[in-house]
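**Student:** give me coordinates for this.
(4 chains)
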Protein chains: 2
Amino acid sequence: MLSKKTKYAINALVHLAKEYNKGPILISTIAEQENIPQKFLEAILLDLRKAGILNSKKGKGGGYYLMKAPDQVDIAEVMRLFDGPIALLPCVSYKYYERCEECKDEETCGIRDLFYEVRNETVNQLKAGTLANIIKREQRLKHKNK
Amino acid sequence: MLSKKTKYAINALVHLAKEYNKGPILISTIAEQENIPQKFLEAILLDLRKAGILNSKKGKGGGYYLMKAPDQVDIAEVMRLFDGPIALLPCVSYKYYERCEECKDEETCGIRDLFYEVRNETVNQLKAGTLANIIKREQRLKHKNK
DNA sequence: TAATTTCTCTATAAGACAGATAGAATTTAT
DNA sequence: ATAAATTCTATCTGTCTTATAGAGAAATTA
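**Tutor:** Next up, the predicted model:
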């Protein structure tokens, strides 16, 4: 399961994506509207800035805003930033590869082979899941439910 | 990522699947051959027994053995038993559903929509991943690498 | 210079994770 | 009946992660 940190991060990013190119948004605004504890959100946005996804401005009229276009920020990136690997086994992780200590032969491991396929499919889905894509999904669902 | 508990469980199950219908196998044998701390493995096998996947016999000649055929035990079941939900968000979990506190409208949530698709694909893959399937994969890989 | 807002640093309470320890209960073989 | 083998139960512990809260420093703008 995703940590709250990651969930909050995604919600904040979607919020900012909806206001893309409209100038900085206050932390407090995002915190209120997205139901996120403000102090926790501060840390999250800071991490997103350090990762180059957001930028910030201090003082009056300040706040946070997206550095990249909403179709250039995908969920795989956000998840890796906060929760680490997307793979379910360290031995099939691309960015965080590590050998399984208990494993006898990685090359012929059937368990690894299965989880390698799972990882690939999941990463593909999450890379297609950009902020723009999520907003599009939301619009589609709103139409449907009317 | 899977917990060590789940990883050990899968390894132990694959081991037992290879000896299906050959009588009980000692905990100590599995622990040694699969590089699993014995006492930890005891707890794991006990849980698998309580879940109806394994059965055990005490005393001399005792040990653990599979209750179901290797093609009837899938990895989704094992993961759920030890690590809980497979879904990445509680609001898209079938067996462990829970509302996201911070969510404004579940019905039209684009984030939920994305993770719903991810969950479905992952569960399908993991249900196809039975013990028999894993052993078949291993055999294929051994052939290839010769 | 005063107000606004982000940024830094520290602390912490609760729970999960990965085992270790000690011994009780059961079964089989002699 | 007894000894050996083996699973089963219950408790405990140290380390790490999660999800915050608090106090105030630094920067920016009016």
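**Student:** name the element the most centrally placed residue in chain A belongs to?
**Tutor:** The structure's chain A has its C-alpha centroid closest to A:Val78; by CA atoms, centre = their mean the separation is 2.5 Å. Using DSSP states H and E, A:Val78 sits in helix A:75-83.
**Student:** so which bits of the next helix or strand after that helix are buried?
**Tutor:** Sequence-wise, the next helix or strand downstream of helix A:75-83 (DSSP H and E) is helix A:110-128. Of the residues in helix A:110-128, those buried under the neighbour-count criterion (16 or more other CB atoms under 10 Å in any protein chain shown) are A:110-116, A:118-119, A:122-123, A:125-126. For glycine as for every other residue, the C-beta is placed from the backbone atoms N, C-alpha and C.
**Student:** quick check, helix A:110-128 touching chain B?
**Tutor:** Yes. Helix A:110-128 is in contact with chain B by CB under 8 Å from any CB of the partner chain, via A:110-111, A:113-114, A:117-118, A:121-122, A:125-126.
**Student:** check contacts around A:Arg80.
**Tutor:** By CB atoms under 8 Å, 6 or more residues apart in numbering or on different chains, the contact list for A:Arg80 reads A:86, A:95-96.
**Student:** do that again at 7 Å, thanks
**Tutor:** Counting by CB atoms under 7 Å, 6 or more residues apart in numbering or on different chains, A:Arg80 makes contact with A:86, A:95.
**Student:** and for the residue in chain A positioned nearest to DNA strand D, the neighbour number?
**Tutor:** Ranked by CB to the nearest atom of the strand, the top residue of chain A for proximity to DNA strand D is A:Gly59, at 2.6 Å. Other residues lying near A:Gly59 total 6 when counted by other CB atoms under 10 Å in any protein chain shown.
**Student:** which residues of chain A lie near chain B?
**Tutor:** Within reach of chain B by CB under 7 Å from any CB of the partner chain, chain A has these residues: A:1-2, A:10-11, A:14, A:34-36, A:75, A:85, A:88-90, A:101-102, A:107-111, A:113-114, A:117-118, A:121-122, A:125-126, A:129, A:134-135, A:137-138, A:141-142, A:145.
**Student:** give the contact list for the residue of chain A closest to DNA strand D.
**Tutor:** Neighbours of A:Gly59 in contact, by CB under 7 Å, 6+ apart: none.
**Student:** and it, which of the three is it?
**Tutor:** Secondary structure, DSSP: H, G, I helix; E, B strand; the rest coil: A:Gly59 is coil.
**Student:** excluding residues flanking it in the chain, which one is nearest the residue of chain A positioned farthest from its centre?
**Tutor:** Using CA atoms, centre = their mean, the residue of chain A lying farthest from its centre is A:Lys104. It sits 34.2 Å away. Spatial nearest neighbour of A:Lys104, excluding adjacent residues (CB to CB, 6 or more residues apart in numbering or on different chains): B:Asn35 at 7.7 Å.
**Student:** and that neighbour, how far is that from A:Pro90?
**Tutor:** Distance, B:Asn35 to A:Pro90, using CB to CB, to the nearest Å: 15 Å.
**Student:** and for A:Lys60?
**Tutor:** 47 Å.
**Student:** tell me which of the two has more neighbours.
**Tutor:** Each of A:Lys60 and A:Pro90 has its neighbours counted (other CB under 10 Å); A:Pro90 has more, 18 against 5.
**Student:** hang on, isn't the more buried one packed against A:Glu98?
**Tutor:** Yes. With contact defined as CB atoms under 7 Å, A:Pro90 reaches A:Glu98; the gap is 3.8 Å.
**Student:** overlap in contacts of those two?
**Tutor:** The overlap between the contact sets of A:Pro90 and A:Glu98 (CB under 7 Å, 6+ apart) is empty.
**Student:** related to what we said a few turns ago, which single one of the buried residues of helix A:110-128 is nearest to A:Asp47?
**Tutor:** Nearest to A:Asp47 among the buried residues of helix A:110-128: A:Leu126, at 18.4 Å, using CB to CB.
**Student:** so the closest residue in space to that closest one that isn't next to it in sequence versus B:Asn120, what's the distance?
**Tutor:** In this structure, A:Leu126 finds its nearest non-sequential neighbour in A:Ala76, 3.9 Å apart by CB to CB, 6+ apart. Using CB to CB, A:Ala76 is found at 18 Å from B:Asn120.
**Student:** many thanks, I have nothing further to ask.
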